[in-house]
Every structure is written in C-alpha cells, then in structure tokens.
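Q: Fold the following for me, if possible:
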Amino acid sequence: MPYCPRCYTEYVEDTAECEDCRVPLEPGEPPERKARPALLEMPRDAKLVRVRIFSGPTALLDADLARNILQAQGIPSFIPGENSLELLPVLDVPLLVREQDLAKAEAMLKSYLDTPGLTPA
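A: Numbering: from 1, shown residues only. Just a heads-up that it's a prediction; the model follows:
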C-alpha cells in the first residue's frame, strides 16, 4: 500500500497524492512507528488546565485536530483518556495544556478554529 511520507497515512493502490499533505505517496509500508515524528512530551510535573471542551459526535476528531495545531506551534497538549474515548461514545472531550501555555493556546485555537471562513462548510 502506498503511504504519505509526511503524515504516514496509508492509502489504497492507485492513489497518487496525500489528501491532507498534498505530496506524492511513497510505495510500500510506512516506516516503523518509532521512526515517525514524535508528539511533544508533556512534563510529568506540569500543572494542566483545560483550554477547551469539544462536544458532539466529532468531539474526539475536533480535539485531535486542535491538539495537532497546538503541537505544531510547540505547545504540548493532552486529551485525557484518549484511548478509551475511541471505544466509548463520549460527547464531551477536554483538551488540556500546561498552565503557562493557556493564553497562547487559547489565542492559537481561536485563530484557527473560530475564524469564519477558515473551516469547511
């Protein structure tokens, strides 16, 4: 199966380009998980605060998107119980950040997620 060399998403045969990254796909299997880009680590002693709660049937997807936005800006973030959320129907998903990152994270998410015209219709 071909895969995206940037995000490591696997695609069906005869697909030429990653839908998200817009780069040509590589043939074969993606590299081992340990070789993939790592998410920013959350320090164990960090005081975590809620930056946003996502609700509804796409809550986990929305929270994951927000986490990726923050991670790309160097802000570690955390979705508590993420593995369980994939199995259970949960309608509210909190996204946590370090207390010292709260203001920057709120501004970043507002810029990306709350600006009219930037989200798909």
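Q: roughly how far apart are the residue of the chain most remote from its centre and Asp20?
A: Among the C-alpha atoms of the chain, the one most distant from their mean position (C-alpha atoms, centre = their mean) is that of Asp14, at 26.9 Å. Noted for Asp14: a distance of 18 Å to Asp20, by C-beta to C-beta, to the nearest Å. The way it works is simple: take the backbone N, C-alpha and C, and place the C-beta from them, glycine included.
Q: Ok, Leu65 next?
A: On the measure of C-beta to C-beta, Leu65 and Asp20 end up 11 Å apart.
Q: Report pLDDT for the residue farthest from the centre of the chain.
A: Per-residue confidence at Asp14 stands at 88 (pLDDT).
Q: ok, and the closest non-adjacent residue to Tyr3?
A: Pro30 (4.2 Å; C-beta to C-beta, 6 or more residues apart in numbering).
Q: pretty sure the one you found contacts Arg6?
A: No - applying C-beta atoms under 8 Å as the test, Pro30 and Arg6 come out as separate, 10.5 Å apart.
Q: For these two, work out which one has more neighbours and name it.
A: Pro30 (17 against 13; other C-beta atoms under 10 Å).
Q: and that one, what does it touch?
A: Tyr3, Cys4, Tyr8, Glu10, Arg36 (C-beta atoms under 8 Å, 6 or more residues apart in numbering).
Q: Phi, psi for the residue nearest to Tyr3 please.
A: phi -70, psi 160 (degrees, to the nearest 10).
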